[in-house]
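Enquirer: return a 3D structure for these sequence lines:
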Amino acid sequence: NAHKTLQRLIKAKPPILTLQEQTLLEQASEWETAETPPFLAYLKTLQDNQLDRLSLKKMPAAYPNISIEVECLLADMIDALHHNVRHSAVGKEAVLHDYLEALENNIAGTRATVKHYTATLAATCQQAVNYEMSTLKEERIFDTVIIDEAARANPLDLFIPMSLAAKRIILVGDHRQLPHILEPEIEKQFDNADKQPATHVLKNSLFERLFNDMRAREAQDGIKRTITLDAQYRMHPVLGQFVSDTFYKLYNESFESPLPADNFLHHLDGYQNAVAAWVDIPLSRGKESQGMSKSRRVEARWIAKETQRLMTQQPELSVGVITFYTAQKQAILTEMAKLDSPLIEPTEFGDYEIANAWRKTSTLTERLRVGTVDAFQGKEFDVVILSMTRSNDFPANNNKALRKKYGHLMLENRLCVAMSRQKRLLIVVGDLGMLQGEAAAKAIPGLLAFRQLCEPESKL
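Expert: All right, here's what the predicted structure looks like:
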């Protein structure tokens, strides 16, 4: 190992390396690719030179006579010294020091050993068959393949790791939340043609199909093939019950919330320890913008100010700001940049990032995130502010008109993700007028259920 050799030769007294030889060994110690280094011949010459330097210039005429008894006694003394050191008060430190030194001076050897003996490898779906994985394992077949967030992977991507399993495949996911991503143009064509059945088939993930198929087989032969988790530990039990009843009960997948409510108190001024709040910003204060992606400046302005107020009042609380539209995300970021003490700052690439003072809590967890629903899958925050964005007076007398009026608010899986990221408090900011009438009951039942959940004193 070049690094190990270099360290030993550098420590030699007197020095036995020239500056050129030391530079060559440093270059060799940093070589990590599988390709043959171009300086291999120079290393061979260096090796020969060092052997010549270390060899005896003149052989002794005769070896001195050494008493066998003395030699054995010296060996016993060395063993006794090693034993005493390792069983002394500093014995553990001495062993750990030797072990750490071996690891630091033999990085390549340590890496090779870990690769050889590891029993678990991790990769994304497509990277499961790349070159790096092939160098870690001679046979690309595994006894067990576990695929996390399987409901978000499209079928072609999912087949890649599934094909590597010899004995069992474990898919982990939630098809009630974000699905796999469709090509926007294809989805738009089906929506414009009002081909809802075809769109539903495209959006139905392979994970969901397999889950339903396994359940059907269970009913036939009694062999257990699916497991549905039946308890959540993220959020206040009232919020947990709301999410369970609104998004899972219909499918016989309800869950419990076993942690006590006292674990989720927030003591935020203006909310009286409420767990759900609706901030009404009526149409008269400003409607949504027109365009492919919707935004509503009046909501963005209120959210920016309230986010700063909450984070200033409770520095240890984390806040997530969620919207269904990219344009609204940008509007919120713009308003946050205008604050006296901006929550965000511009980057050299022309976008925004969270300002350093607001980025992490004292425990180094994420303190603030602003984004669309897709950026929040798998995330959790003490407080979540959800921007409804849609505020209009469009009629809603057929399915196409409903989609025009409510847009992404009608997507149950996205609403499920957006309303299940909070731990202590969920605040929805939007136009209560959009919840009026039979059309709202049909299009956005989840938001109606949340409005009913909100305590009267929490309506701002």
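Enquirer: what about the helices in the stretch 1-150 of the chain?
Expert: With DSSP state H, counting those that start in this stretch, the ranges of helices along the stretch 1-150 of the chain come out as 2-10, 19-29, 40-54, 68-86, 91-104, 107-117, 131-136.
Enquirer: redo those as TSV? Include distance to R152 and mean neighbour count.
Expert: Every C-beta, even on glycine, is put in place using the N, C-alpha and C of the backbone. Formatted as TSV, the helices of the stretch 1-150 of the chain follow (distance: least, C-beta to C-beta, whole Å; neighbours: other C-beta atoms under 10 Å):
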stretch	distance to R152	mean neighbour count
helix 2-10	42	16
helix 19-29	42	15
helix 40-54	46	12
helix 68-86	52	10
helix 91-104	38	11
helix 107-117	29	12
helix 131-136	21	11
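Enquirer: who wins for proximity to K305 among those helices?
Expert: Proximity to K305, assessed across the helices of the stretch 1-150 of the chain by C-beta to C-beta, is greatest for helix 131-136 (47.4 Å).
Enquirer: quick check: next helix or strand after the longest strand along the chain?
Expert: What stands out as the longest strand in the chain, according to DSSP state E, is strand 422-430. Sequence order places helix 437-443 as the next helix or strand after strand 422-430, per DSSP states H and E.
Enquirer: show me which positions of that following helix end up buried.
Expert: Going by neighbour count (16 or more other C-beta atoms under 10 Å), the buried part of helix 437-443 is 439-440, 443.
Enquirer: low-confidence stretches in the stretch 151-300 of the chain?
Expert: The model of the stretch 151-300 of the chain has pLDDT under 70 over residues 182-201.
Enquirer: again, 80 this time
Expert: Low-confidence segments of the stretch 151-300 of the chain (pLDDT under 80): 180-203.
Enquirer: now the strands for it?
Expert: Along the stretch 151-300 of the chain, counting by DSSP state E, counting those that start in this stretch, strands occupy 165-171, 276-280.
Enquirer: if we can go back for a sec, output the buried residues of helix 437-443 as CSV; include the columns distance to I181.
Expert: Below are those laid out as CSV (distance: C-beta to C-beta, whole Å):
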residue, distance to I181
A439, 29
A440, 28
A443, 23
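Enquirer: per-domain residue ranges of this protein.
Expert: 1-53+91-117, 143-221, 237-458 (automatic domain parsing).
Enquirer: quick one: closest of those domains to E132.
Expert: Closest to E132 of the domains of the chain is domain 1-53+91-117 (C-beta to C-beta; 10.3 Å).
Enquirer: just give the nearest non-adjacent residue to E345, would you?
Expert: Computed as C-beta to C-beta, 6 or more residues apart in numbering, the closest residue to E345 that is not its neighbour in sequence is A355, at 4.8 Å.
Enquirer: nope, D431 is what I was after
Expert: D431's closest residue in space is S391 (C-beta to C-beta, 6+ apart), at 3.8 Å.
Enquirer: so who does that neighbour touch?
Expert: By C-beta atoms under 8 Å, 6 or more residues apart in numbering, the contact list for S391 reads 281-283, 286-288, 296, 430-431, 433-434.
Enquirer: switch to 6 Å and redo it
Expert: Taking C-beta atoms under 6 Å, 6 or more residues apart in numbering, we find S391 in contact with 283, 287-288, 296, 431.
Enquirer: just the buried residues of the residues you listed.
Expert: By 16+ other C-beta under 10 Å, those give 287-288, 296, 431 as buried.
Enquirer: any buried residues in stretch 235-249, and which?
Expert: Under the neighbour-count criterion of 16+ other C-beta under 10 Å, stretch 235-249 has 235-237, 239-244, 246-248 buried.
Enquirer: could those be laid out in CSV, adding distance to F376?
Expert: Output for the buried residues of stretch 235-249, formatted as CSV (distance: C-beta to C-beta, whole Å):
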residue, distance to F376
M235, 14
H236, 18
P237, 21
L239, 15
G240, 17
Q241, 21
F242, 17
V243, 14
S244, 19
T246, 17
F247, 15
Y248, 18
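Enquirer: before we move on, back to that, most packed of the domains of the chain?
Expert: Greatest average neighbour count among these goes to domain 237-458 (a mean of 18), per mean count of other C-beta atoms under 10 Å.
Enquirer: starting at the chain centroid, how far to it?
Expert: Centroid separation between domain 237-458 and its chain, computed with C-alpha atoms, centre = their mean, to the nearest Å, is 21 Å.
Enquirer: could you do stretch 120-130 as well?
Expert: Chain-centre distance of stretch 120-130: 16 Å, with C-alpha atoms, centre = their mean.
Enquirer: which SS class is the residue sitting nearest the centre point of the chain?
Expert: Centrality entry for the chain: nearest residue to the mean C-alpha point is G378, 7.0 Å, by C-alpha atoms, centre = their mean. Secondary structure state of G378, per DSSP: H, G, I helix; E, B strand; the rest coil, is coil.
Enquirer: likewise I322?
Expert: Classified using three-state DSSP, I322 is strand.
Enquirer: offset the numbering so it begins at 749, please.
Expert: With the count now opening at 749, the last piece we talked about shows up as I1070.
Enquirer: pretty sure it is touching I1133, no?
Expert: No - using C-beta atoms under 6 Å, I1070 is not in contact with I1133, being 7.2 Å away.
Enquirer: need the residues touching each of these two.
Expert: Contacts common to I1070 and I1133, judged by C-beta under 6 Å, 6+ apart, are absent.
Enquirer: tell me the confidence at the residue nearest to E1093?
Expert: If you check A1103, the pLDDT there is 93.
Enquirer: who's in contact with it?
Expert: If you count contacts by C-beta under 6 Å, 6+ apart, A1103 has them with 1090-1093.
Enquirer: quick check: the farthest pair among those?
Expert: L1091 and E1093 (8.7 Å).
Enquirer: quick one: the helices in the stretch 899-1048 of the chain, in order.
Expert: All helices of the stretch 899-1048 of the chain, identified by DSSP H, counting those that start in this stretch, fall at 903-910, 932-940, 944-951, 954-969, 985-991, 1045-1061.
Enquirer: any chance of JSON lines for those, columns distance to K1077?
Expert: Listed next are the helices of the stretch 899-1048 of the chain as JSON lines, based on distance: least, C-beta to C-beta, whole Å:
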{"stretch": "helix 903-910", "distance to K1077": "26"}
{"stretch": "helix 932-940", "distance to K1077": "17"}
{"stretch": "helix 944-951", "distance to K1077": "23"}
{"stretch": "helix 954-969", "distance to K1077": "27"}
{"stretch": "helix 985-991", "distance to K1077": "23"}
{"stretch": "helix 1045-1061", "distance to K1077": "9"}
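Enquirer: among the ones you listed, which comes closest to L1163?
Expert: Comparing those against L1163 with C-beta to C-beta, the closest turns out to be helix 985-991 (10.2 Å).
Enquirer: just to revisit the earlier point, and which of the buried residues of stretch 983-997 is nearest to I918?
Expert: For these, the nearest to I918 is Y996 (21.2 Å; C-beta to C-beta).
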